[in-house]
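K.L.:
Got a sequence here, can you model it:
(2 chains)
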Amino acid sequence: KQEVTQIPAALSVPEGENLVLNCSFTDSAIYNLQWFRQDPGKGLTSLLLIQSSQREQTSGRLNASLDKSSGRSTLYIAASQPGDSATYLCAVRSTNAGKSTFGDGTTLTVKP
Amino acid sequence: DVKVTQSSRYLVKRTGEKVFLECVQDMDHENMFWYRQDPGLGLRLIYFSYDVKMKEKGDIPEGYSVSREKKERFSLILESASTNQTSMYLCASSTGQEAFFGQGTRLTVV
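P.N.:
Numbering: from 1, shown residues only, chains lettered A, B, ... in the order given. Below is the predicted model of the structure:
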């Protein structure tokens, strides 16, 4: 059974810092991995999707990497802003499953 | 633009009531999902559907049922609402690639 872990559970940084969020998974037989952002009381917003054949995806100040062999993905946020404050979740879809397994998320606070 | 719409943002129901949560997507996606999200427990899958009239149990289906009569609509039904079903409910749809979520329904059962 796939297990997804996100460490740390919470992170606080000053504005302007570059930061990395981590996502680990136990079964490397994955179909894709998706990063989401969730603001308090809201739904999830898709940030980046990485297919199993890809190593990274970029969108603006965000860069997500995938290393299947080590069971890890990272979300890099450049030049963080207070508006980046949110909870970030990763979701892993295994090759033998039609559904994804979610991590518990990392709550990011960017201080002005 | 991709859109998943949940019928209510906030809902307050009484214990024992039958509750319907509706979700509509406009992307012609085959797959639709219902999750609940609770502090400290993360997102938990209740039910999902691969096609019209098809449904699969997720991790916590007890106390819930679903209906998918049309491709674009996936309904979650609480047969007899209980206080332990107070939660944030999230609907999602996908083609099997990227998943898209609705804005969530905060359900309170009193």
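K.L.:
Point out the residues in chain A that sit beside chain B.
P.N.:
Residues of chain A lying near chain B by Cβ under 8 Å from any Cβ of the partner chain: A:31-32, A:34, A:36, A:41-46, A:49, A:89, A:91, A:98-100, A:102-105. In short, each C-beta sits where N, CA and C put it, glycine included.
K.L.:
Using CSV, write out every CA atom in stretch B:25-36.
P.N.:
Taking Å, rounded to 0.1, in the frame of the first residue of the first chain, the C-alpha atoms of stretch B:25-36 are listed here in CSV:
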residue,chain,number,x,y,z
GLN,B,25,-17.6,19.1,-13.7
ASP,B,26,-17.5,20.6,-17.1
MET,B,27,-14.4,18.9,-18.5
ASP,B,28,-16.0,15.6,-19.7
HIS,B,29,-13.8,13.7,-17.2
GLU,B,30,-14.4,10.0,-16.7
ASN,B,31,-13.2,9.9,-13.1
MET,B,32,-14.8,11.6,-10.1
PHE,B,33,-14.0,11.4,-6.4
TRP,B,34,-15.4,12.4,-3.0
TYR,B,35,-13.0,13.1,-0.1
ARG,B,36,-13.5,14.3,3.4
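K.L.:
Relative to residue A:43, how far out is residue B:67?
P.N.:
Per Cβ to Cβ, to the nearest Å, residue B:67 is found 21 Å from residue A:43.
K.L.:
okay, these two: which has more neighbours?
P.N.:
Taking neighbours as other Cβ atoms under 10 Å in any protein chain shown, residue B:67 and residue A:43 compare with residue A:43 leading, 21 against 16.
K.L.:
Parallel or antiparallel, list what pairs with the lowest-mean-pLDDT helix or strand in chain A.
P.N.:
None of the helices or strands of chain A scores lower by mean pLDDT, DSSP states H and E than strand A:100-102, at a mean of 92. Looking at strand A:100-102 with DSSP bridges, its partner strands are strand A:86-94 (antiparallel).
K.L.:
and the partner strand, which residues are buried?
P.N.:
Neighbour-count burial for strand A:86-94, counted by 16 or more other Cβ atoms under 10 Å in any protein chain shown, picks out A:86-94.
K.L.:
In terms of distance to residue B:54, which of the residues you listed ranks first?
P.N.:
residue A:93 (18.5 Å; Cβ to Cβ).
K.L.:
residues contacting the closest one?
P.N.:
A:30-34, A:99-101 (Cβ atoms under 8 Å, 6 or more residues apart in numbering or on different chains).
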